[in-house]
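need a 3D model of the sequence below.
(one chain, ligands or ions: 1)
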Amino acid sequence: MAKRIGVLLSGRGSNFEALAESVEAGRIPDAEIAIVVSNREGAEGIEKARRRGLDARVIPSKGLEREAYDKLVVAALLEKKIDLVCLAGYMRLLSPHFVTAFPNRILNIHPSLLPAFPGLESQRQALEHGAKFSGCTVHFVDENLDAGPIVLQACVAILDGDTPETLAERILLEEHRIYTEAVRIVLEGRYRMEGRRVLLNAPKGEGGK
Ligand code: GAR
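Numbering: from 1, shown residues only. Alright, predicted model coming up:
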């Protein structure tokens, strides 16, 4: 049976689109995007999901405590029998309730080489720090900010003339590429956990052990 992916986003949704295209093109085989959820009304990503004919829902977070909100989102994901949750520009910390509902089944993409430059405006942080390389990270999500075990990373050189925008643009290309690759690895169970190390190339089916 096709694995069911749930995507959570808050904004533009280019990582969502990259995943949707990879599913369509068979780069993520035997999978479907079963639901897309945004915490923000008017998120561009939700419009993109609707145009693709996907189940796209806005569950507004405004005014709700973190856990009360997460219960609504978790209920929607469980109702849709989601196997893997992909955060794609989802600008919220997850509560323990959310994380324990999907153990090792939530991925996030972040625009830096974690643990450097977590949080907001990571590309600006990297530039202002004077780093020569930055990049992006796909990691499992725990209840801490940008902190869970790392699945894949890609490196991007920082050029003298870069602005946060030009750097973000080059990092984004790598984000789209490695998110697809990481989702495939995780759905196919081609990894093994050793403490917080995610060892790749494990025989199929070992994932999560
Ligand atoms: C992406 O660069 C993603 O890595 C970042 O937000 C952007 C969303 O773009 N996420 C974070 O900073 C999470 N800490 P998108 O909506 O076009 O995918």
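
what's near enough to touch the residue of the chain found nearest the ligand?
Nearest to the ligand in the chain, going by CB to the nearest ligand atom, is Gly89, at a distance of 2.7 Å. To be clear about C-beta, it is placed using only N, CA and C from the backbone, and glycine gets the same treatment. Gly89 is in contact with 9-16, 45, 109, counting by CB atoms under 8 Å, 6 or more residues apart in numbering.

name the element it belongs to?
For Gly89, there is no host helix or strand (DSSP states H and E).

can you give me every residue that contacts Glu41?
Per CB under 8 Å, 6+ apart, neighbours of Glu41: 58, 60.

helix/strand/coil for it?
coil (DSSP: H, G, I helix; E, B strand; the rest coil).

ok, now how distant is it from Val58?
From Glu41 across to Val58, the span is 5 Å (CB to CB, to the nearest Å).

show me the strands in the chain, by range?
3-9, 31-38, 56-58, 84-87, 106-110, 133-140, 150-157, 191-194, 197-200 (DSSP state E).

so where's the longest helix in the protein?
helix 164-187 (DSSP state H).

anything in it near the ligand?
Yes: with CB under 6 Å from any ligand atom as the measure, helix 164-187 is seen reaching the ligand through 172, 175.

hey, what's the residue nearest the centre of the chain bridged with?
By CA atoms, centre = their mean, the chain has its centre lying nearest to Asn108, at 2.8 Å. Under DSSP bridges, the beta-bridge partners of Asn108 are Leu87, His139.

which ones are touching it?
86-87, 90, 138-141, 146, 148.

6 Å - rerun?
Counting by CB atoms under 6 Å, 6 or more residues apart in numbering, Asn108 makes contact with 87, 139, 141.

how about the residues of the chain that lie near the ligand?
Going by CB under 6 Å from any ligand atom, the residues of the chain near the ligand are 9, 11-15, 45, 88-89, 109-111, 122, 146, 172, 175.

buried only: go through those residues for me.
9, 11, 13-15, 45, 88-89, 109-111, 122, 146, 172, 175 (16 or more other CB atoms under 10 Å).

can you pull out the low-pLDDT segments for the chain?
202-209 (pLDDT under 70).

got the contact list for stretch 193-201?
149, 151, 191-192.

quick check, nearest of those to Ala34?
Of all the contacts of stretch 193-201, the one with the least separation from Ala34 (CB to CB) is Val151, at 21.2 Å.

what is the burial count for that closest one?
By the criterion of other CB atoms under 10 Å, Val151 has 22 neighbours.

who are the contact partners of it?
138, 182, 198.

now swap in Tyr90 and tell me
8-10.

mind doing that once more with 10 Å?
7-11, 15-16, 37-40, 43, 45, 73, 106, 108-109, 141 (CB atoms under 10 Å, 6 or more residues apart in numbering).

find the nearest non-adjacent residue to it, please.
Leu8 (4.1 Å; CB to CB, 6 or more residues apart in numbering).

now stretch 70-86, how far from the centre of its chain.
On the basis of CA atoms, centre = their mean, to the nearest Å, stretch 70-86 sits 14 Å off its chain's mean C-alpha point.

having no further points to raise, I will conclude here.
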